[in-house]
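Q: what shape does this take:
(2 chains)
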2 protein chains.
Amino acid sequence: VTLTQQTGEHPQTQATESCINLGMGQPSPGLLPAAELAELAGARIGRDPLLLQYGTVRGAASFREALAAFLGNAGPWATSGEELMVTGGTSTALTFASQQLARPGQRVLCEDPTYFLARSIFEANGLEVVGVPVDRDGLCTEALAAELARDPGTAALIYCMPSFHNPCGVTMSAPRRLELIELADRHDLVILADEPYNLLSYHGAPPAPLFAEDQGRGRVVSLGSFSKILAPGVRLGWAQASPALLARIAGHGALESGGGLNPVIAAAVHGLLESGFQAQHLARLRARYARTSRALSEALRRHLPDAVFVEPAGGYFTWVDLGLGPGSSTSALLERARAAGVSYTPGARCAVSADLDRFVRLSFSFYQPDELERGVELLARVAGAHL
Amino acid sequence: VTLTQQTGEHPQTQATESCINLGMGQPSPGLLPAAELAELAGARIGRDPLLLQYGTVRGAASFREALAAFLGNAGPWATSGEELMVTGGTSTALTFASQQLARPGQRVLCEDPTYFLARSIFEANGLEVVGVPVDRDGLCTEALAAELARDPGTAALIYCMPSFHNPCGVTMSAPRRLELIELADRHDLVILADEPYNLLSYHGAPPAPLFAEDQGRGRVVSLGSFSKILAPGVRLGWAQASPALLARIAGHGALESGGGLNPVIAAAVHGLLESGFQAQHLARLRARYARTSRALSEALRRHLPDAVFVEPAGGYFTWVDLGLGPGSSTSALLERARAAGVSYTPGARCAVSADLDRFVRLSFSFYQPDELERGVELLARVAGAHL
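A: Take a look at the predicted model:
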């Protein structure tokens, strides 16, 4: 596998034929629906030249309605275009939302480990990031409550990934979701729920977006994305929240000035929603990743029988405790692993303040089962010398 | 003229058949190259499906080289892809650049009046915006020097529009440009030069981007955009700066995470640069706006002979002192003007702290000469009662 473009998650590393990079959090090039998007991108501009004018800040109403219908088909929760706003992907949405919902100097509580670039996005806003433990039921709400009690009034936001967590792969339990929203309500906080993986469930129905539990309290912004269910290059996503909360985010000067984000691409993706292609494509992705996820888990059990991990039920990632011996760490091991032909994301890269140097984040989105098997075999060989 | 979409600059107002909105800072729908973009958007994805993958943070190298060639053709200054970074338009670029180059609590010095939404973008970053006067030679560098001396060490950025200023329409003189960069160098500041209108010059060659005077000092980021020379809906622009300064901006977590901005649209626009269409289109726009600009100036002289304005040599805007009598203001007059069938941007909307209530900002980008003439006639009728 040769990939000439860099990846947003790993700007410094690239997959090459000589290295299986299990850290790559991006889809396999063969899964990108180029022909379908190519046809629609042109057709939609031709049909509606005003797409090239400044658009509406929250995105075209017709697109938001089509998106609401698509999201409503995923499970027993309905939504409407009024509860949706188009974004240019979750990364930039985090910038704009956290600027509108928090002031510099305030704190963001988030899972530890968390998505490493989210942390730097909050810090660029002058926000202080504080980690809260996560276990196999997701964010530990008890620890969150204790942290909120310890330093009351300083936090403005909770940032979390309730479903198929990056890097842990776990999904937050129903009771914890309710406790989380209850805590946000009590402490006057907004929860930014980063949910790009919800629809990528491999054993049964997708978990609900956290917003489905908001029940009119205006505490939750669920951030979704087409990056993982369609293509990262479209730079298109959505925020799902109460109209009042969306109005606060949409009040950002950069969004008002630009007239919304990516109206042309949104129109093309609108076509994929209407034609049913997006739903079919999602079904294909779920079948494919169910297979590669299983292959990675089996390879881990075969080659690293003492490694500890929760087999993911969705998403892109498996979080593995390699159980290295004292004095050893997955960060320190990385160079040797690369020389042996395998790479990964060291746990420390995802840490806020916890010591996570025993862990690695492995992804099963990019490679085929045989490559995953080979990658884990190489990893076992390198790690085996350090147990 | 009916326009169903909102405009980023005026989300609350729309042009309708019953009102000529001279405040609208956007191109006329007939000037949008829909057919050309439609063809290329599809063709480029078809040719390079990896466009749909995460891209490089600074934008594809081949696109940046083509952009450098296009910009280098505009005047006696060369640039290279190494000095360019792709943005999603200037509004979002201001967010990311100012986050990377300033800390919350620091000050941004900018022209008073200035582009009103830029101000709110800086304030969302926790920056304090301080106004500096502008006259017919652009930003008053003497006043800037005095402000920097008055409160040294508190500013991080200077934000300005050196060419065809919004709203004033003026262009900064050569000596002032040098003084400006000299001041930035002396006080360790970065200048964010907002330059979407440079190429839209109607009397002779376009003014240089401010970066052309940077001379390796690493003090200037020139922000360009395809919004005014191609189409606002493409949400595509560029930052031109020293590689070191670009690296600081490109280090933003949201850009690393998303893998750059709008790679698909950039590829389509790449086609327009290569084919020569963009250069031809720019020539068409210059001819058209030279005509409408002249029409607006003539209408002002005919119907408002006592109004004071500098006839713009480029850009979108004419800044007019209506010379209203005591107790009257263009803000207060707006409702009556709308009832009479004409609208505008009141000067106070563009003010940082100066009293600019005698002024209006009029745009000549959206309408044909006869509509401009009619709009000014209506404006004169309303204003005439308040002189």
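Q: mind listing the helices for chain A?
A: Ranges of helices within chain A are A:34-47, A:61-72, A:90-101, A:116-124, A:141-150, A:174-186, A:243-250, A:253-258, A:263-275, A:277-303, A:330-340, A:369-384, based on DSSP state H.
Q: please convert these to CSV, extending it with mean pLDDT and mean neighbour count.
A: The way it works is simple: take the backbone N, C-alpha and C, and place the C-beta from them, glycine included. Formatted as CSV, the helices of chain A follow (pLDDT from 0 to 100; neighbours: other C-beta atoms under 10 Å in any protein chain shown):
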stretch, mean pLDDT, mean neighbour count
helix A:34-47, 86, 20
helix A:61-72, 96, 19
helix A:90-101, 96, 25
helix A:116-124, 93, 21
helix A:141-150, 97, 16
helix A:174-186, 98, 18
helix A:243-250, 97, 18
helix A:253-258, 89, 27
helix A:263-275, 93, 22
helix A:277-303, 97, 18
helix A:330-340, 95, 17
helix A:369-384, 95, 19
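Q: closest one to A:C19 among the ones you listed?
A: Set against A:C19 and scored by C-beta to C-beta, those come closest in helix A:330-340, at 6.1 Å.
Q: and the angle for the closest one with helix A:369-384?
A: Counting by axes from the mean of the first three to the mean of the last three C-alpha atoms, to 10 degrees, helix A:330-340 lies at 120 degrees to helix A:369-384.
Q: count the neighbours of the nearest residue to A:L144 once chain neighbours are set aside for me.
A: Excluding its sequence neighbours, the residue lying closest to A:L144 (C-beta to C-beta, 6 or more residues apart in numbering or on different chains) is A:V132, at 4.9 Å. For A:V132, the neighbour count with other C-beta atoms under 10 Å in any protein chain shown is 23.
Q: wait, what's in contact with A:V132?
A: Shown in contact with A:V132 (C-beta atoms under 8 Å, 6 or more residues apart in numbering or on different chains): A:109-112, A:139-140, A:143-144, A:147.
Q: could you pull up phi and psi at the residue lying closest to A:H203 once chain neighbours are set aside?
A: Distance criterion C-beta to C-beta, 6+ apart; nearest residue to A:H203, sequence neighbours excluded, is A:A313 at 4.8 Å. Backbone torsions of A:A313, given as degrees, to the nearest 10, read phi -100, psi 0.
Q: again with A:G325
A: phi -70, psi 170.
Q: distance check, it against chain B.
A: According to C-beta to the nearest C-beta, to the nearest Å, A:G325 and chain B sit 33 Å apart.
Q: mind checking pLDDT for that residue?
A: Here the pLDDT value assigned to A:G325 is 80.
Q: relative to A:L67, how far out is it?
A: According to C-beta to C-beta, to the nearest Å, A:G325 and A:L67 sit 50 Å apart.
Q: with A:A241 instead?
A: Following C-beta to C-beta, the distance that separates A:A241 from A:L67 is 14 Å.
Q: try A:G271
A: 12 Å.
Q: please apply the same query to A:R136.
A: Using C-beta to C-beta, A:R136 is found at 32 Å from A:L67.
Q: for A:G253, what are its contacts?
A: Contacts of A:G253 by C-beta under 8 Å, 6+ apart are B:91, B:117-121, B:123-124.
Q: what's the most distant pair in those?
A: Farthest apart among those by C-beta to C-beta are B:S91 and B:E123. That separation is 13.7 Å.
Q: tally up the residues packed near A:V352, please.
A: If you count neighbours by other C-beta under 10 Å, A:V352 ends up with 18.
Q: partner residues bridging the residue nearest to A:A155 when sequence neighbours are not counted?
A: Spatial nearest neighbour of A:A155, chain neighbours left out: A:R107 (4.3 Å); criterion: C-beta to C-beta, 6+ apart. For A:R107, the beta-bridge partners under DSSP bridges are A:E128, A:A155.
Q: okay, how far is it across stretch A:97-105, tip to tip?
A: With C-alpha to C-alpha, to the nearest Å as the measure, the ends of stretch A:97-105 fall 16 Å from one another.
Q: say whether chain B is contacted by it.
A: Yes - counting by C-beta under 8 Å from any C-beta of the partner chain, contacts between stretch A:97-105 and chain B involve A:99-100, A:103-105.
Q: and that stretch, how far from the chain's centre?
A: Distance, stretch centre to chain centre, for stretch A:97-105: 20 Å (C-alpha atoms, centre = their mean, to the nearest Å).
Q: list the contacts of that stretch.
A: Residues outside stretch A:97-105 that contact it (C-beta under 8 Å, 6+ apart) are A:108, A:121-122, A:125-128, A:156-157, A:190, A:192, A:221, A:223, A:239, A:245, A:248-249, A:251-252, B:95, B:104-105, B:124-126.
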